[in-house]
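# Next comes the sequence, and after it the predicted model I'd like to discuss.
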Amino acid sequence: MKNILICLEKMGIGGVETSVLNQAFEYKKRGFNPIVVAGKGIFSEKLKELNIIQEYIEFPVEDNLNMEKAKLIVKIIEKYNIELVIINQLPCLLSVLPACIIKNIPYIAYVHESLFTIQEDEHNTLNWFENNFEIYKDLLKFYYNNAYKIIAISEDAKKYIKNRYKIDSNKLIVMHNSIDLDKYKSTRDIKEKNNFILISRISESKLQSIKNGIDIFDEYESDSKKLIIVGDGDKLEETKKYANSKNSGDKINFIGQQNDIIKLINENDIVLGLDRVLLEAISMKRIAVNIGYDKPKQIIDSTNIEIEANEGFCGKKLESTEPRELAIQIKNREIDLQKNYNYVKENLSIEKNIFTEKVDKNNYENALLELFQIIKQKEENIKEEKSKELSEYAVQKSQIENLKNELENKQNEINNLKIEYDNTFNELKSVYNSKRFKVVNKIANLYRRKK
C-alpha cells in the first residue's frame with residue numbers, strides 16, 4: 001500500500017482537519033503518497049507547505065447519492081493509482097463511497113465523534129444525519145458494514161458503532177486522537193498565567209462551551225489578563241455580544257480563523273477548549289482547561305488525563321466545576337505539565353496511532369448490488385413521497401374549489417339581498433313622495449296638535 005486518498009468536507013478550522021494534517025504528514029514521512037480530497041479552507045495552505053497534494057472537491061450535506069461527483073472521485077482514484085481510501089466525515093459518503101464500490105478500493109471509516117456527541121441524543125451526529133436526510137438511514141449501515149476497517153478514537157465510540165450497526169469485531173480498531181510531537185513544540189515556558197486562548201468553531205453545538213470559557217476568564221482575578229478567541233461561525237455575533245456583557249469584555253479579542261495554531265498556543269499560557277485542542281495544548285506544555293459542552297469541567301492533570309484521552313478530551317466523564325472555582329484553580333494550582341506531556345508521548349503520539357497495514361483489493365460485487373438497491377429504494381421513496389404530495393395537493397385543491405363555490409354562493413345571496421333591499425327602498429321612497437302620503441301626514445300632524 002503506497003497511495004492513500006484522505007477525504008473530508010473542508011480544510012477549515014477544526015479537530016478533524018488538524019487530525020488529517022497530522023495524519024497526512026506522518027504518511028508522507030513514512031514514504032506513502034497521501035492525497036487529500038476536500039473543499040478549500042484555511043488549512044489548505046498548510047498542505048501546500050507540507051508538499052501534500054489536495055484535490056479541491058466540496059462535500060455538501062445532501063439527501064441523495066451524488067453520482068456525478070462520484071465520477072470525479074473515480075478519476076482521482078485512477079489518476080493517482082489509489083490503493084486505500086480514508087473517509088473522515090459523513091457528507092463524503094454520498095460520492096466517495098460509491099466511487100470506492102465501483103473501483104473495488106478498500107476504505108477505512110473513521111469515527112471522530114467523541115463520547116459526548118454519540119451518547120447525547122441532542123448532539124448525536126448519527127441521529128442527526130438519519131433524522132434529517134433519509135438516504136443515511138440505509139447508507140450508514142451499508143457504509144460501516146462494508147468498510148475494510150473502522151477506526152474509532154475511543155473504546156466507547158468503538159462499542160457504540162459495533163452495537164448500533166451490528167459490526168464484526170474484527171473490523172473495529174481504536175486509535176486515539178494523536179499528535180505529531182515533532183511539530184507541536186513550545187519555545188517558551190509559562191511565567192505568568194495571564195494569557196488565555198480559546199480555540200473553537202463558533203457554532204450552535206459549541207456555543208455553550210465558548211460561553212463557559214468566557215465565564216471562567218471573567219472570574220479570573222488579574223489586571224493583566226487577556227483572552228483571544230480563535231475561530232469563526234454563524235454564532236460569532238451572539239458570542240461577541242455575550243463577551244461584551246462581561247466585566248472583562250474589554251480584555252477579550254476575537255481574531256477569526258487562523259492557520260498557525262501552533263504559534264498561537266506557544267504565545268499563550270492557558271488554553272480553554274474541547275477535544276483535540278486540549279491534546280495540542282498538552283503537547284505544547286500549556287495549562288489545558290476542559291470547558292465542557294454543557295458545563296465547565298476541569299483542568300487536565302495526571303488524575304484525569306487518561307480518562308480524557310480515552311474519551312477524546314470531550315469531558316463527558318469529568319465532574320463539572322463552577323467557573324469561579326476553575327478560575328481560582330488556574331491561578332493557584334501548580335500543574336505538572338511535563339507529566340501531562342509524557343503521557344501524550346507514551347500513548348498519543350501519531351507514530352503509534354496510524355494505520356499502515358497492507359490491504360488487499362476488495363471485491364465489492366455484492367455491495368454494488370446492495371448500493372443499487374439503496375438507490376432504487378430511495379427513488380421509490382421519492383415517487384411515493386411525490387404521489388403522497390400529489391394526493392394531498394388534490395385534496396387541498398378540492399377543498400379550495402369547495403370554498404370557492406361556497407364563496408360564490410354567499411356572494412349570490414348577498415347580491416339577491418341587495419336587490420331586495422333596493423326594491424324595498426324604492427317602494428318606500430315612492431310612497432313617501434306620493435300626494436296621498438303627504439295628505440295623510442298633514443292630517444296626522446293636525447291630530448297631534450289637537451291632543
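Happy to help now that I have it.
# Based on its surroundings, how many neighbours for the nearest residue to Leu337 once chain neighbours are set aside?
Nearest residue to Leu337, sequence neighbours excluded (CB to CB, 6 or more residues apart in numbering): Lys285, at 4.3 Å. C-betas here are computed from N, CA, C, even on glycine. Per other CB atoms under 10 Å, the neighbour tally for Lys285 reads 21.
# Touching, Lys285 and Gln338? I think so.
Yes - counting by CB atoms under 8 Å, Lys285 does reach Gln338; the two are 6.8 Å apart.
# Make sure the residue nearest to Leu337 is indeed in a strand.
No - going by DSSP: H, G, I helix; E, B strand; the rest coil, the assignment for Lys285 is coil, not a strand.
# per-residue pLDDT, it?
pLDDT recorded at Lys285 is 96.
# swap in the one 10 residues further on?
According to the prediction, Lys295 has pLDDT 94.
# any idea which helix or strand carries it?
Counting by DSSP states H and E, no helix or strand carries Lys295.
# So for it, what's the nearest residue that isn't a sequence neighbour?
Nearest to Lys295 is Ser320, by CB to CB, 6+ apart, at 4.0 Å.
# Now do that neighbour against Gly312, distance only.
The spacing between Ser320 and Gly312, counted by CB to CB, to the nearest Å, is 18 Å.
# Averaging pLDDT per element, find the lowest-scoring helix or strand in the chain.
helix 435-450 (a mean of 61; mean pLDDT, DSSP states H and E).
# Share the number of residues neighbouring Gln298, please.
22.
# so what's the nearest residue to it once chain neighbours are set aside scoring on pLDDT?
The shortest distance from Gln298 to any residue other than its chain neighbours is 5.0 Å, reached at Leu318 (CB to CB, 6+ apart). Confidence at Leu318, expressed as pLDDT, is 93.
# quick one: terminal-to-terminal distance for stretch 229-244?
13 Å (CA to CA, to the nearest Å).
# For the stretch 351-451 of the chain, give me the ranges with low pLDDT.
362-363, 365-366, 368-369, 372-391, 393-394, 421, 425, 427-429, 431-451 (pLDDT under 70).
# Kindly recompute the last result at 80.
360-404, 406-408, 410-411, 413-451 (pLDDT under 80).
# ditto for the chain
Ranges of the chain meeting pLDDT under 80: 1, 13, 114-123, 360-404, 406-408, 410-411, 413-451.
# how does it divide into domains?
3-178+353-363, 195-347, 382-445 (automatic domain parsing).
# Which among those domains is found nearest to Arg188?
Set against Arg188 and scored by CB to CB, the domains of the chain come closest in domain 195-347, at 6.4 Å.
# and the closest one, how far out from the chain's middle?
How far domain 195-347 lies from its chain's middle: 20 Å, per CA atoms, centre = their mean, to the nearest Å.
# Between its first and last residues, how far does it reach?
28 Å.
# Contacts only, for the residue nearest to Leu337.
186, 189-190, 337-338, 340-341 (CB atoms under 8 Å, 6 or more residues apart in numbering).
# separation between it and Leu318?
Taken as CB to CB, the span from Lys285 to Leu318 is 21 Å.
# Could you count how many residues lie near Leu403?
10.
# show me where the chain has strands.
3-10, 33-39, 53-56, 84-87, 107-111, 149-152, 172-174, 195-199, 226-230, 252-256, 270-273, 287-290 (DSSP state E).
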